[in-house]
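> Return atomic coordinates for the entry below.
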Amino acid sequence: MNLEVGFDPNFVALGPLVLGWHGLFTALAVALAVWLALRRAAAYGLPTDKVGDLAVWSVLGGMVGARIFHVLDHWDQYAARPLEIFAVWQGGIAVYGAFIGGVVTGLFLCQRMGLPKWTMLDVAAPAMLVGQAIGRLGCLSNGDAWGGPCDGAGVLCLIYSHPNALLPNDLRGVPTHPYPLYEMIAVGFTLAVIWFARRRLTAPGLIFVVAGLGYAITRFTLTVYRQEAQMAFGLQEAQLIAIATALLILGGRFLLFRPRA
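Sure thing, here's the model as predicted:
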């Protein structure tokens, strides 16, 4: 079945500033993620004032990381129009960049603020997944996380027809896999696993491990529905990052930085 996405992903233009659905859903995702993190921090008995400050800076770190990864991944486009590097309201972020930027910033601030690192990662992990799922609605609206061509046999295919959609021109008007929708479903499954296993995931860091591995598996498997260049060993960039992320999470939690008893 084919579903046409023909609306303009940008809904307000104020001079050079263009606001789109992607930016709106990203803001909503951040707000919900911070709200959920603060609620979880309170349940863990952590000081919510410190956690709130940490959340703000971690979000900023995640936004910087997301944009840097996206620009590097599309350097040919931005090298020709460097001012567009700063046009974040038009969309164009890399999820793994947000994850890495947010986690690195958060761990650095945990050290400075005296907050328990693995517990804070457990606090943040479900909130990050919720934010990711909501944020992918923005990707559905503007096509910046497009899937490969889709034949419609038993699956839903999206056809982006508006000239402001961000997928490549050769895919405009072509049925494509709804990759953001696939990822939202997979993220929802990971959240369900965490919820039903929460009473067993009591040791510091285990919730973060499950969330991180769940997303790594999601990206490794679902990336086959996207159009990305193969980087090494026949794997796409996101798949290689997923493997590296999974190894770092497992190595960090169980080998290098195990929580103290």
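> How far does the worst-scoring helix or strand of the chain on mean pLDDT sit from its chain's centre?
Lowest by mean pLDDT, DSSP states H and E among the helices and strands of the chain is helix 75-80, with a mean of 72. Helix 75-80 sits 22 Å away from the centroid of its parent chain (Cα atoms, centre = their mean, to the nearest Å).
> Using CSV, write down the CA coordinates of the helix or strand that it is followed by.
Sequence-wise, the next helix or strand downstream of helix 75-80 (DSSP states H and E) is helix 95-113. Provided in CSV are the C-alpha atoms of helix 95-113 (Å, rounded to 0.1, in the frame of the first residue of the first chain):
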residue,chain,number,x,y,z
VAL,A,95,20.6,10.1,16.0
TYR,A,96,23.9,8.4,17.0
GLY,A,97,25.5,11.8,17.2
ALA,A,98,22.8,12.9,19.6
PHE,A,99,23.3,9.7,21.7
ILE,A,100,27.1,10.1,21.8
GLY,A,101,27.1,13.8,22.4
GLY,A,102,24.4,13.6,25.1
VAL,A,103,26.1,10.7,27.0
VAL,A,104,29.6,12.2,26.9
THR,A,105,28.3,15.5,28.1
GLY,A,106,26.2,13.8,30.8
LEU,A,107,29.0,11.7,32.1
PHE,A,108,31.3,14.7,32.3
LEU,A,109,28.8,16.6,34.3
CYS,A,110,28.0,13.7,36.6
GLN,A,111,31.7,13.7,37.5
ARG,A,112,31.6,17.5,38.2
MET,A,113,28.3,17.4,40.1
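> Quick one: mean pLDDT for helix 95-113?
Mean pLDDT, computed over helix 95-113, is 87.
> any chance you could map the helices in this protein?
21-43, 48-73, 75-80, 95-113, 117-142, 179-196, 206-222, 237-251 (DSSP state H).
> closest to residue 164 out of those?
Comparing the helices of the chain against residue 164 with Cβ to Cβ, the closest turns out to be helix 117-142 (7.5 Å). The C-beta positions use only the backbone N, C-alpha and C, and glycine is treated the same way.
> other SSEs contacting that closest one?
Using 3 or more Cβ pairs under 8 Å, 6 or more residues apart in numbering; DSSP states H and E, the elements in contact with helix 117-142 are strand 17-20, helix 21-43, helix 48-73, helix 95-113, helix 179-196, helix 206-222.
> And the average pLDDT for that helix is what?
92.
> Can you give the distance of that helix from its chain's centre?
The answer for helix 117-142 is 6 Å, by Cα atoms, centre = their mean.
> before we move on, what about stretch 40-48?
Its chain's C-alpha centre and that of stretch 40-48 lie 24 Å apart, by Cα atoms, centre = their mean.
> List the buried residues in it.
40, 41, 46 (16 or more other Cβ atoms under 10 Å).
> Could you do stretch 240-249 as well?
240, 241, 242, 245, 246, 249.
> would CSV of those residues with distance to residue 30 and pLDDT be doable?
Formatted as CSV, the buried residues of stretch 240-249 follow (distance: Cβ to Cβ, whole Å; pLDDT from 0 to 100):
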residue, distance to residue 30, pLDDT
240, 27, 88
241, 22, 86
242, 23, 89
245, 21, 90
246, 25, 92
249, 23, 90
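> Out of those residues, which is nearest to residue 3?
Among those, residue 242 lies closest to residue 3 (Cβ to Cβ), at 28.1 Å.
> For that closest one, give me its contacts.
96, 215, 216, 217, 219, 220, 223 (Cβ atoms under 8 Å, 6 or more residues apart in numbering).
> Check these and tell me the two furthest apart.
96 and 217 (13.6 Å).
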